[in-house]
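Q: Here you go, sequence then predicted model.
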Amino acid sequence: MIQTNHMKYRFILFLIFGLTGTHLLAQSKLPLPDPLPANVGDLKFDPKTDDPHFQICYPDYINQYYGMGTGYKGGKKEIRNYFREHFKYEPSFSTISGYVTIRFIINCKGQTGWFRIKQVDQHYQKANFNKKMVNQLLDLTKKLNGWIPGKIDEKNYDTYYYLNFKLLNGHLKDITP
């Protein structure tokens, strides 16, 4: 009986130390991950597409727009009215249904830059829509004047912002910031 208990304890100790040791060895063999950005979706300057004159006020401290008061004079309604008035439908757009998202930075002065475009179809699959239509949306977005920079304690900061355009058969159905 004593020998059986002794064997049980040896077996339990073997399991504990054996599994722990294996776990430690397994962890030491994992590759190190690539460094991650401070925030998901951080934008980096791209000399091929970005205006070199656009200045970020605080490069190490770009916030998301929500909770900062970032917006547009006249609000979402004014943005929607602007696009409904200026977006020109063309018959070549008729096969386009999905979403175009334009993400950009509003700096502490209310200026915009570093525009990035993502396109997905109505099933949220990556898409490449008519370049003329996408460029029209981008050009109109760049021409929007009246951005209100984000603030913390009465100090303006840079923020990420986006406009999401919902398209149905090439017609602009909605815009959500």
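A: That came through, no problem. What you are looking at is a predicted structure, and each value in this text was computed from that prediction instead of being measured. Residues are numbered from 1 along each chain as shown.

Q: Please make it C-alpha for all contacts and neighbour counts, starting now.
A: Will do.

Q: is it true that Phe54 touches Phe115?
A: No: look at Phe54 against Phe115 with C-alpha atoms under 8 Å: they stay out of range, at 11.2 Å.

Q: okay, these two: which has more neighbours?
A: Phe115 (20 against 15; other C-alpha atoms under 10 Å).

Q: from memory Lys166 sits against Lys173, does it?
A: Yes: the criterion here is C-alpha under 8 Å, and Lys166 meets it with Lys173 at 5.5 Å.

Q: and Ile56, how many neighbours does it have?
A: By other C-alpha under 10 Å, 21 other residues sit near Ile56.

Q: Same question for Lys109.
A: A count of nearby residues for Lys109, using other C-alpha under 10 Å, gives 16.

Q: Let me know the helix or strand that it is in.
A: Lys109 belongs to no helix or strand when assigned by DSSP states H and E.

Q: cool, and the one 4 residues further on?
A: Counting by DSSP H and E, the secondary-structure element that holds Gly113 is strand 112-121.

Q: Okay, buried residues for that strand please.
A: 112-115, 117, 119-121 (16 or more other C-alpha atoms under 10 Å).

Q: What helices and strands are in contact with that strand?
A: Applying 3 or more C-alpha pairs under 8 Å, 6 or more residues apart in numbering; DSSP states H and E, one finds that strand 112-121 contacts strand 98-106.

Q: pLDDT of the strand it packs on, averaged?
A: The average pLDDT for strand 98-106 rounds to 97.

Q: That strand vs strand 112-121, what angle?
A: 160 degrees (axes from the mean of the first three to the mean of the last three C-alpha atoms, to 10 degrees).

Q: what's strand 98-106 packed up against?
A: Secondary-structure packing of strand 98-106 (3+ C-alpha pairs under 8 Å, 6+ apart): strand 112-121, strand 159-168.

Q: neighbouring contacts of the first one?
A: The reference is to strand 112-121. Applying C-alpha atoms under 8 Å, 6 or more residues apart in numbering, the external contacts of strand 112-121 come out as 43-46, 49-51, 54, 96-106, 126-129, 142.

Q: Can you tell me which of those residues are classed as buried?
A: 43, 96-106, 127, 129.

Q: out of the residues you listed, who's nearest Glu154?
A: Distance to Glu154, by C-alpha to C-alpha, is smallest for Ile106 among the buried ones among the contacts of strand 112-121, at 16.4 Å.

Q: which residues touch that closest one?
A: Here Ile106 is in contact with 112-113, 147, 149, 158-161 (criterion: C-alpha under 8 Å, 6+ apart).
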